[in-house]
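**Student:** Quick check, what structure comes out for this input:
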Amino acid sequence: MGPTLTRDGMRFRSWQVGILTLVVVLAFGLARSGASWGATSYDPTSDPYSMQNVTAADGVQAWWNAGYTGKGVDVAVIDTGVAPVTGLNGAGKVINGPDLSLESQNPSLQYLDTNGHGTFMAGLIAGNDGQLGGYRGVAPDARIVSLKVGVADGGVDVSQVIAAIDWVVQHRNDNGLNIRVINLSYGTNSTQAYQLDPLAYAVEQAWKAGIVVIAAAGNSGYEKGASAQGLADPAYDPQILAVGAADSSGTPSPWDDNVASYSATAASCSSACRAPDLVAPGSHIQGLRVPGSYIDQNNPGGVLSDRYFRGSGTSEATALVSGAVADLLQRYPQLTPDLVKQMLNCDKLSSFNWKQEGCGELDMNKVFGAAVPSVAASQQYNPPSTGTGSLEASRGTDHISIGPVALQGEQDIFGKPFISAAMAALEATGSSWSGGIWNGSVWTGSSWSGSSWSGSSWSGSSWSGSSWSGSSWSGSSWSGSSWSGSSWSGSSWSGSSWSGSSWSSGSWLGASWG
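**Tutor:** Below you'll find the model as predicted:
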């Protein structure tokens, strides 16, 4: 039957890859011509999963009407980059932090989203096309600070994510930035307790620095395997906000909503583990499309129009909560992360089970009328992480590779030894970055230029003994509204840590408000 390839939870036999290649070429042709696959027009008013209807149902539009749109709040999106599509291409809408991905060495790909995931999340958080009745994220006037860590096929190592979190902590107020939120629609199936985990430790330091870290609970099939801890890492750390996904069943009322079948929970843990803090809409959500990106080419059934795509996952739910927190912080800029966590209010779903949904589904109407609690009442007393555990255990089953050589063990993407206790000590003092150097290697430039942090040429060797040149992740440049390459030949990754579930329109397209 041929070899099996695994990517984002989907398995393909070799004969299927040939069919997929044909689909890629056809989808690319449609993307370049401005056409869409199976979708000639899209009406958000009739789609119960459009952002227009989702933000009306969960109370977000009441915040907008009162003037709270996330203005003045920056949200760091640690993901696959952000493409300049309509809704995210306004002046000053997206600020590029350093590109820490393996595509950073290709000038035509630097900062850009060759995968499509990061753009989708950024749009849910803060998209705003400026049109009456147009596309608006939950916090349409917030600003996105993009830290690209993933390549076209999603490939990323946990060391890159830790480096990105550390960068945000140290640069959160540089050059007029006001980073109050980190969105991590990402998580590994770590095999060690959060009290030891280096990734968990990194997000705890961000939380202590006053940044609300919002992480995806992950997808249940993935997180239950390989002795994982129930929720994804770092969502399994009880200090931060962990978000699961709900399915609205196509109606505006929360009473018939359910926890999505893919959303990771604490219900089936063999030992004690935490539940999500809350759930938010995550199924069948309308998002911004990156024509010709990896997701776009490999999932033509998700295309809604030339501008829009549909996706499901705890990734989507996490982004919606990040936008809601940006709105909250505009209204109450004095809130600490603990106070934010205390203030978020929920509707219990009809079949309430705290192990699956935490307090229930986020209801921004209830948050709007809530009093600010006292600092003492909001204080959390969770055992902290030491960060002295294993980087390899933090990866779980996620590994990037150059050809047959996978990155494993206690080393970062440059092959430098990762000494977790030493790194934790630097993170505790906010000094793990020194200019563009992290863990002894030059990862990025150290200066600000316009709307982007400067790039840097990576010299030296990677773990495989050869220098990174960007050529292993082939592709071409962004040209207006689509990628000018005809395919993304990614084989860099064996993981499923971007916490989406599917990118498909499916049979529920005909659902109505009922």
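**Student:** what about the stretch 1-150 of the chain, any weak spots by pLDDT?
**Tutor:** 1-40 (pLDDT under 70).
**Student:** Can you pull out the low-pLDDT segments for the stretch 201-350 of the chain?
**Tutor:** Checking the stretch 201-350 of the chain against pLDDT under 70 turns up 221-229, 268-272.
**Student:** In the stretch 51-200 of the chain, mark out all the strands, start to finish.
**Tutor:** 74-79, 94-96, 143-148, 179-184 (DSSP state E, counting those that start in this stretch).
**Student:** could those strands go into TSV alongside distance to Ala202 and mean neighbour count?
**Tutor:** Bear in mind the C-beta positions are built from the backbone N, C-alpha and C, glycine included. Conversion of these to TSV gives the following (distance: least, Cβ to Cβ, whole Å; neighbours: other Cβ atoms under 10 Å):
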stretch	distance to Ala202	mean neighbour count
strand 74-79	11	28
strand 94-96	21	22
strand 143-148	13	27
strand 179-184	10	28
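**Student:** for these, which one sits closest to Ser447?
**Tutor:** For Ser447, the closest of those is strand 94-96, at 12.9 Å, according to Cβ to Cβ.
**Student:** Would you map the helices across the stretch 201-350 of the chain?
**Tutor:** 220-223, 294-298, 314-331, 337-343 (DSSP state H, counting those that start in this stretch).
**Student:** Can you tell me the closest non-neighbouring residue to Gln330?
**Tutor:** Tyr68 (5.0 Å; Cβ to Cβ, 6 or more residues apart in numbering).
**Student:** Could you report the neighbour count for the one you found?
**Tutor:** Close neighbours of Tyr68, defined as other Cβ atoms under 10 Å, add up to 22.
**Student:** Enumerate every residue touching it.
**Tutor:** Contacts of Tyr68 were listed using Cβ atoms under 8 Å, 6 or more residues apart in numbering, and they are 327-328, 330-331.
**Student:** give me that answer again for 7 Å
**Tutor:** 327, 330-331 (Cβ atoms under 7 Å, 6 or more residues apart in numbering).
**Student:** what does Ser394 give?
**Tutor:** Counting by Cβ under 7 Å, 6+ apart, Ser394 has contacts 158, 188, 190, 192, 197-199, 233.
**Student:** 10 Å - rerun?
**Tutor:** 157-159, 161-162, 188, 190-192, 194, 196-202, 233-234, 387, 418, 420 (Cβ atoms under 10 Å, 6 or more residues apart in numbering).
**Student:** Quick check: mean pLDDT of the host helix or strand of it?
**Tutor:** Element membership for Ser394 (DSSP states H and E) is helix 391-395. Averaged over helix 391-395, pLDDT sits at 96.
**Student:** Equivalent analysis for stretch 447-464, please.
**Tutor:** 84.
**Student:** That stretch: which residues count as buried?
**Tutor:** Judged by neighbour count (16 or more other Cβ atoms under 10 Å), stretch 447-464 contains these buried residues: 448, 452-453, 455-456, 458, 462-464.
**Student:** For the residues you listed, work out which two are farthest apart.
**Tutor:** Once Cβ to Cβ is applied, the buried residues of stretch 447-464 give Trp448 and Ser464 as the farthest pair, at 32.5 Å.
**Student:** what about the helices of the stretch 201-350 of the chain, which gets the closest to Gly282?
**Tutor:** helix 314-331 (3.4 Å).
**Student:** Tell me what angle the closest one forms with strand 143-148.
**Tutor:** With axes from the mean of the first three to the mean of the last three Cα atoms, to 10 degrees applied, the angle from helix 314-331 to strand 143-148 works out at 140 degrees.
**Student:** how about the nearest residue to Tyr49, chain neighbours excluded?
**Tutor:** His284 (4.1 Å).
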